[in-house]
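Colleague: need coordinates for the below:
(chains A and B)
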Amino acid sequence: MRTLTTCFSILQVPRCRLHTLANFWQEGFYSLPRKCGNLSRFRLLSSKSDANKGSYSRRSIGNYSRLSIGKKPDELTKDSSATYTHESWDEAVSTSAQWNVKRAEISEIQKLQSCDIQPKIVENKETANVTVIVFDIETTGFSRDNDRIIEIALQDLQGGENSTFQTLVNPGARSIPNSHVHGITSHMVKRPGVPSMEELIPILLQYIRSRQTKGGYVVLVAHNSRSFDVHFLNNEFKRYGFDIPPDWLFIDTLALAREWIKSQGSETPTKTSLQALCTTFKIKFVGTAHRAMADVNALSLVFQRLSFDLKLSPVKLVEISFTASDLSDAKKKKKNSS
DNA sequence: GGCCCTCTTTAGGGCCTT
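Modeller: Numbers count the residues shown, from 1 in each chain, chains lettered A, B, ... in the order given. Got it, this is the predicted structure:
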């Protein structure tokens, strides 16, 4: 059995469940603290960031985490009261817990995960129990077949301890020709302590499972995920003999942004990049763009604004979500028809 | 590559992701 050290534990803490968000939308975005009470501890674990190598401010992420439950989306970047300890990305993953993962255990987890998730949730609108996790990947390029993931970050919007996860990823023999984009170099990822994707996948599976509640479901949110992130994840999983669990539901904020623009009329700027959306929503982008956690931090704010304006309840999120197999099926269908 | 828009659908250009 291989032992890996990573930046979270599976300690379960009291959390504000998102299944109540539908009510929050009806009552107003700003009533979340009252609803969540002391359970909504939107705090982050002290995982790593790097002030020198394309980094972001952990302080700012803390601000978001604390404020997102109680203030207007456009006020989320104004507070500066939260404090976090910075540590160097020279250590790719932090060490809050020992993590032992067997491939056989992952197989058992995947057996437990059922198909036809969306119909089940939609049928049971009153009790839809959804965990929303915003994520982002950095890669060696745009080619889903030839390029590799070199960094991944996730943030569970319900908060609580260990609500963030981030790590560099060792891409093996693949070079990194686009360090000028994200600042991630071969030196940073090709050294002891940085997991390969093969080592990381079981950890990811268990981390996300640890964020799900019993009988609940997980929605993974990323920008342009339909065309980019999900395909990369899918390829990496298949490359090492894994499948993306069928109950991982994906949301593409690019599609939400286009929908939002339609809802605003013709005078709204048409740019839909993450940075353009931050500008549109007056969200201060903290840190360096194209580092995974910095992008996740920004996208979390953007997503909250979009979901608020578009009145997206958890059930609605499930309805508009897609699975990795949806994309595979569409690809096969397209291939057969051509 | 997928999606959207338009000077469109038997197409082409632009945006978005690193």
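
Colleague: dihedrals phi and psi, A:Thr272?
Modeller: phi -130, psi 20 (degrees, to the nearest 10).

Colleague: helix, strand, or coil at the nearest residue to it once chain neighbours are set aside?
Modeller: In this structure, A:Thr272 finds its nearest non-sequential neighbour in A:Ala257, 4.4 Å apart by Cβ to Cβ, 6 or more residues apart in numbering. All C-beta spots, glycine's among them, are computed from the backbone N, C-alpha and C. Assigned with DSSP: H, G, I helix; E, B strand; the rest coil, A:Ala257 falls in the helix class.

Colleague: same thing with A:Glu161?
Modeller: coil.

Colleague: one more: A:Phe250?
Modeller: Applying three-state DSSP: A:Phe250 is strand.

Colleague: burial count for it?
Modeller: Neighbourhood size, A:Phe250 [other Cβ atoms under 10 Å]: 22.

Colleague: same question for A:Ala222.
Modeller: Neighbours around A:Ala222, by other Cβ under 10 Å: 26.

Colleague: ok, A:Thr185 touching A:Ser179?
Modeller: Yes. Using Cβ atoms under 8 Å, A:Thr185 makes contact with A:Ser179 at a distance of 4.9 Å.

Colleague: compare these two (neighbour count), which wins?
Modeller: Comparing A:Thr185 with A:Ser179 by other Cβ under 10 Å, the one with more neighbours is A:Ser179, at 17 against 13.

Colleague: ok, that one touching A:His187?
Modeller: No. Using Cβ under 8 Å as the test, A:Ser179 is too far from A:His187 to be in contact (9.5 Å).

Colleague: so where is chain A shaky, pLDDT-wise?
Modeller: A:1-128, A:266-269, A:330-338 (pLDDT under 70).

Colleague: and the helices in it?
Modeller: A:21-27, A:32-36, A:58-67, A:103-112, A:117-123, A:179-182, A:186-189, A:197-211, A:229-239, A:253-264, A:274-280, A:292-309, A:314-320, A:324-337 (DSSP state H).

Colleague: just the angle for the longest one relative to helix A:253-264, thanks.
Modeller: For the pair helix A:292-309 and helix A:253-264, the angle between their directions (axes from the mean of the first three to the mean of the last three Cα atoms, to 10 degrees) equals 30 degrees.

Colleague: packing partners of helix A:292-309?
Modeller: helix A:58-67, strand A:130-139, strand A:149-156, strand A:164-168, strand A:217-222, helix A:253-264, helix A:274-280 (3 or more Cβ pairs under 8 Å, 6 or more residues apart in numbering; DSSP states H and E).

Colleague: all good on my end, thank you.
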